[in-house]
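Visitor: here is a sequence together with a model predicted from it:
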Number of protein chains: 2
Amino acid sequence: MLPFRVTARDPATAARAAELETPHGTVHTPAFMPVGTAGSVKGLAAWELDRLAPEMVLANTYHLMLRPGPERLRRLGGLHRMMAWDGPILTDSGGYQVFSLAGRRQLDDDGVTFQSHLDGSRHRLTPESVVELEAGFGVDVAMVLDECLPWPVDRRAAESSMKRSLRWALRGLRRVEVLRREGPWRGGLFAIQQGSVDRELRARCSEGLAEHPFDGFAIGGLAVGEPREVLHEAIAFSAPLLPEERPRYLMGVGYPEDLLHAVACGVDLFDCVLPTRSARTGKVFTSRGELVIKNARFADDDGPLDPDCSCPTCARYCRGALRHLFISREAASVVLLTVHNLSFFLDLMRQARDAIMTRRYAAFRLRTEAGRRAGV
Amino acid sequence: MLPFRVTARDPATAARAAELETPHGTVHTPAFMPVGTAGSVKGLAAWELDRLAPEMVLANTYHLMLRPGPERLRRLGGLHRMMAWDGPILTDSGGYQVFSLAGRRQLDDDGVTFQSHLDGSRHRLTPESVVELEAGFGVDVAMVLDECLPWPVDRRAAESSMKRSLRWALRGLRRVEVLRREGPWRGGLFAIQQGSVDRELRARCSEGLAEHPFDGFAIGGLAVGEPREVLHEAIAFSAPLLPEERPRYLMGVGYPEDLLHAVACGVDLFDCVLPTRSARTGKVFTSRGELVIKNARFADDDGPLDPDCSCPTCARYCRGALRHLFISREAASVVLLTVHNLSFFLDLMRQARDAIMTRRYAAFRLRTEAGRRAGV
């Protein structure tokens, strides 16, 4: 199992600082993972990612299995080499994309068959084939195949889906144990807790997973359209159900306030497309809340995006210049906003970690949230 | 006048190495200027440009006057601050864009009126207003307004146009002399030789310009559709017509072989969109000639774009990975190919300069051209 140590606990919340050792380095948590869907964090050269220094990045098994495909990826030297990134990589299992992106899904107890969104070709994923793909990519952390449901969903469907995801998780683990015995791969495997926003289902799922030697446990199936208060409540009861002695990963979440809440509930890892996708639409995260860079009020603004930010974009570009580049559709503007937004999310988690280490997380969270409510 | 020193001459050709001092630093020639049309070299953050370390970059007066416009640019602290680039900047005069991009042109002896390609608004440029705009931007080198003709063009039209460009150049110079007396701007002004591909017209234009204290002289109106042998012949007779003791700048050219030829003819400065625009279509310049990255033959290629290149893209990414990112429409691929293509052009001119300094330019040119003919 990947070594995991909790190094500090906040006295007033369930927040904790920890270290997860992976084949490509130690992940210091709480940590936010930038999303590099198809083998790059959108818009960023590898040296740009180096400078941002995320603890771990996420890539998508679904996208990579379709293009470039596992054989080609192997011929190109594996995922780390293709991404030109030597730090830890976690791959999701493809389950979410199969249920949100692919066409003509056929789900059965053994796995799922679907059509590629790229060319309509037929593909099949099983709990075993998914972990084989991920191990073949050479990732540091693989995720089990799970079924993702929309919100809202009736309890019977949520229960039957949760049970299937649980069975699939255990099948994935059994295959990983074989892979570890027989091959060179030394990455970890995370299970995924499902159960929609039903506490009892989440508890049963956690119980079913917790007794098995997974390297970590994720909270899946949230941030699929539910209101923020429902999301926050679900995080609050789901996180403590997961084993204390292993990393907890909240998948696909979210806004800075969601992360701060989840950290207080004891979550260690996050990923979300929000900072990168927002950059492409000109939405900017700051310590004073969000701003939309193309807004006319920034046209003559010679101040930085965020006076409290130390990223290279804020060090060199004013809002007026960034607005000009964005409305002129200059590709550099997306690079610059991506660097800033990712810096904001990465710094937020670094600051959260520092606050936990000094046992002041609750005050840090209040101060940060108050600053963001103040408005740009 | 901007200080200009020829520091070495190649014994076998007219190639020379020189230094041009500008308010934002010394330009070591021969030098290639990346094009930053609207205030950024497409796809590149300023720190990326820093690392490429071009001697000077070019920006377009036409684009900047329309957006963000001179007043806004001044409020944002000038062009250097908006671009977050502290090195030398040269602006073209907008003449070329007025004749290629704008709508409903009305040319008269005093200037040119045109419609913005962005919103159809009416604008007017005169020889005086152009240099006032450029001085207002705070550029290191301003270009005079000129009229650009297509190729081919009849001699009478070429002659009358050349005479107008000549008159306009002198009007620009007179206004610059006033600007220098009355304001803080300390940039240089380059005149532009016109005359289509007619040697006699080019000679008369040069004579008319040479007696005036321009900081440098450009060869304009080439690379507008003429065959390569016509272009090369025109470069060969046009360059020596320009004053020996001032920098010579060949505008909008071109392929590596064009640059190597022009350097041999005594040209010092170049700009072209070729490396940056080609990156966006997946065309890659290498020491073995050009390659098209989306070609299937590169799908499993784990070698660098160019084994002789020391750019960060070649240091970290293989052709197969770059092809995957390009066909996946990942924005990072354009950044990576732009960095490589610009590195190739910048390195080519650095190597040319080194060869001139060691009096071996002719051999360097032969070797480089033979390598590129060898094929990828």
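Guide: That came through, no problem. Numbers count the residues shown, from 1 in each chain, chains lettered A, B, ... in the order given.
Visitor: please report the distance of the nearest residue to A:Phe217 once chain neighbours are set aside from chain B.
Guide: Using C-beta to C-beta, 6 or more residues apart in numbering or on different chains and skipping the chain neighbours, the partner closest in space to A:Phe217 is A:Leu242 (4.3 Å). Placement of C-beta: from N, CA and C, glycine included. According to C-beta to the nearest C-beta, to the nearest Å, A:Leu242 and chain B sit 34 Å apart.
Visitor: pretty sure A:Leu242 sits against A:Ser206.
Guide: Yes: with contact defined as C-beta atoms under 8 Å, A:Leu242 counts as touching A:Ser206 (5.7 Å).
Visitor: so where do the helices sit in the stretch 101-250 of chain A?
Guide: Secondary structure of the stretch 101-250 of chain A by DSSP state H, counting those that start in this stretch: the helices cover A:127-137, A:155-182, A:199-210, A:228-238.
Visitor: wait, which of the ones you listed is closest to chain B?
Guide: If you check each of the helices of the stretch 101-250 of chain A against chain B by C-beta to the nearest C-beta, helix A:127-137 wins as the nearest, at 13.2 Å.
Visitor: compute the inter-axis angle for the closest one and helix A:155-182.
Guide: Relative orientation of helix A:127-137 versus helix A:155-182 (axes from the mean of the first three to the mean of the last three C-alpha atoms, to 10 degrees): 50 degrees.
Visitor: interface residues of the stretch 101-250 of chain A facing chain B?
Guide: Residues of the stretch 101-250 of chain A lying near chain B by C-beta under 8 Å from any C-beta of the partner chain: none.
Visitor: for the residue of the stretch 101-250 of chain A found nearest chain B, which non-adjacent residue is closest in space?
Guide: Using C-beta to the nearest C-beta, the closest approach of the stretch 101-250 of chain A to chain B is made by A:Leu118 at 9.2 Å. Excluding the flanking residues, the one nearest A:Leu118 by C-beta to C-beta, 6+ apart is A:Leu66, at 5.6 Å.
Visitor: so who does that neighbour touch?
Guide: Applying C-beta atoms under 8 Å, 6 or more residues apart in numbering or on different chains to A:Leu66 gives the contacts A:116, A:118, A:121, A:123.
Visitor: nearest residue to A:Arg186 other than its sequence neighbours?
Guide: Nearest residue to A:Arg186, sequence neighbours excluded (C-beta to C-beta, 6+ apart): A:Pro23, at 5.0 Å.
Visitor: now do A:Ala157
Guide: A:Leu149 (6.8 Å).
Visitor: would you confirm that A:Ala14 contacts A:Gly266?
Guide: Yes: with contact defined as C-beta under 8 Å, A:Ala14 reaches A:Gly266; the gap is 3.7 Å.
Visitor: these two - which one has more neighbours?
Guide: Counted by other C-beta atoms under 10 Å in any protein chain shown, A:Ala14 and A:Gly266 do not tie: A:Gly266 has more neighbours, with 21 against 18.
Visitor: next one: phi and psi at that one?
Guide: The phi/psi pair for A:Gly266 (degrees, to the nearest 10) reads phi 100, psi 20.
Visitor: give me the neighbour count for A:Leu336.
Guide: Around A:Leu336 there are 32 other residues, counting by other C-beta under 10 Å.
Visitor: model confidence over the helix or strand containing it, on average?
Guide: A:Leu336 is part of helix A:331-357, with elements assigned from DSSP states H and E. Taken as a whole, helix A:331-357 has a mean pLDDT of 98.
Visitor: what's the end-to-end length of stretch A:25-38?
Guide: One end of stretch A:25-38 to the other measures 22 Å (C-alpha to C-alpha, to the nearest Å).
Visitor: and if you look at stretch A:280-295?
Guide: Terminal residues of stretch A:280-295 are spaced 15 Å apart (C-alpha to C-alpha).
Visitor: again with stretch A:237-253
Guide: End residues of stretch A:237-253 are separated by 16 Å (C-alpha to C-alpha).
Visitor: quick one: the one residue sitting closest to the centre of chain A from B:Pro30, how far?
Guide: Geometric centre of chain A, nearest residue: A:Asp271, 1.7 Å, by C-alpha atoms, centre = their mean. The spacing between A:Asp271 and B:Pro30, counted by C-beta to C-beta, to the nearest Å, is 48 Å.
Visitor: repeat for A:Phe217
Guide: According to C-beta to C-beta, A:Phe217 and B:Pro30 sit 61 Å apart.
Visitor: these two: which is more packed in?
Guide: Ranked by neighbour count (other C-beta under 10 Å), A:Phe217 and B:Pro30 place B:Pro30 first, with 28 against 25.
Visitor: ok, that one - contacts?
Guide: B:15, B:17, B:259, B:263, B:267-270, B:349, B:352-353, B:356.
Visitor: dump those residues to TSV, plus neighbour count and distance to chain A.
Guide: Putting those into TSV (neighbours: other C-beta atoms under 10 Å in any protein chain shown; distance: C-beta to the nearest C-beta, whole Å) gives the following:
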residue	neighbour count	distance to chain A
B:Ala15	27	34
B:Ala17	23	31
B:Leu259	23	25
B:Val263	31	30
B:Val267	27	29
B:Asp268	30	28
B:Leu269	27	24
B:Phe270	24	22
B:Met349	24	23
B:Ala352	26	27
B:Arg353	24	26
B:Ile356	26	32
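Visitor: quick one: contacts for the residue of the stretch 151-300 of chain A found nearest chain B?
Guide: Of all residues in the stretch 151-300 of chain A, A:Asp300 sits closest to chain B, at 4.7 Å by C-beta to the nearest C-beta. Taking C-beta under 8 Å, 6+ apart, we find A:Asp300 in contact with A:320, B:72, B:75-76.
Visitor: of these, buried ones?
Guide: Buried by 16 or more other C-beta atoms under 10 Å in any protein chain shown: A:320, B:72, B:76, out of the contacts of A:Asp300.
Visitor: ok, back up a step: among the contacts of A:Leu66, which two are most distant?
Guide: A:Leu118 and A:His123 (10.5 Å; C-beta to C-beta).
Visitor: more neighbours: these two, which one.
Guide: Using other C-beta under 10 Å, the more surrounded residue of A:Leu118 and A:His123 is A:His123, with 16 against 12.
Visitor: so A:Phe217 sits right up against A:Tyr249, yeah?
Guide: Yes: using C-beta under 8 Å, A:Phe217 makes contact with A:Tyr249 at a distance of 7.2 Å.
Visitor: what is in contact with the two at once?
Guide: In contact with both A:Phe217 and A:Tyr249: A:Phe190, using C-beta under 8 Å, 6+ apart.
Visitor: what lies in contact with stretch A:332-341?
Guide: A:41-44, A:48, A:52, A:274-276, A:278-280, A:282, A:284-285, A:293, A:305-306, A:309, A:311-314, A:317, A:322, A:325-326, B:40-45, B:331, B:335.
Visitor: keep only those of those that are in strands.
Guide: Judged by DSSP state E, the contacts of stretch A:332-341 include A:284-285 as members of strands.
Visitor: of the contacts of stretch A:332-341, keep whichever come out buried.
Guide: By 16+ other C-beta under 10 Å, the contacts of stretch A:332-341 give A:41-44, A:48, A:52, A:274-276, A:278-280, A:282, A:284-285, A:293, A:305-306, A:309, A:311-314, A:317, A:322, A:325-326, B:40-45, B:331, B:335 as buried.
Visitor: next, A:Ala31: phi, psi?
Guide: A:Ala31 adopts backbone torsions of phi -140, psi 140, taken as degrees, to the nearest 10.
Visitor: for stretch A:88-103, measure first residue to last.
Guide: Taking C-alpha to C-alpha, stretch A:88-103 runs 31 Å from one end to the other.
Visitor: got the buried residues for that stretch?
Guide: Using 16+ other C-beta under 10 Å as the test for burial, stretch A:88-103 gives A:88-99, A:102.
Visitor: would you agree A:Thr126 is in contact with A:Asp110?
Guide: Yes: contact criterion C-beta under 8 Å: A:Thr126 and A:Asp110 qualify, at 5.9 Å.
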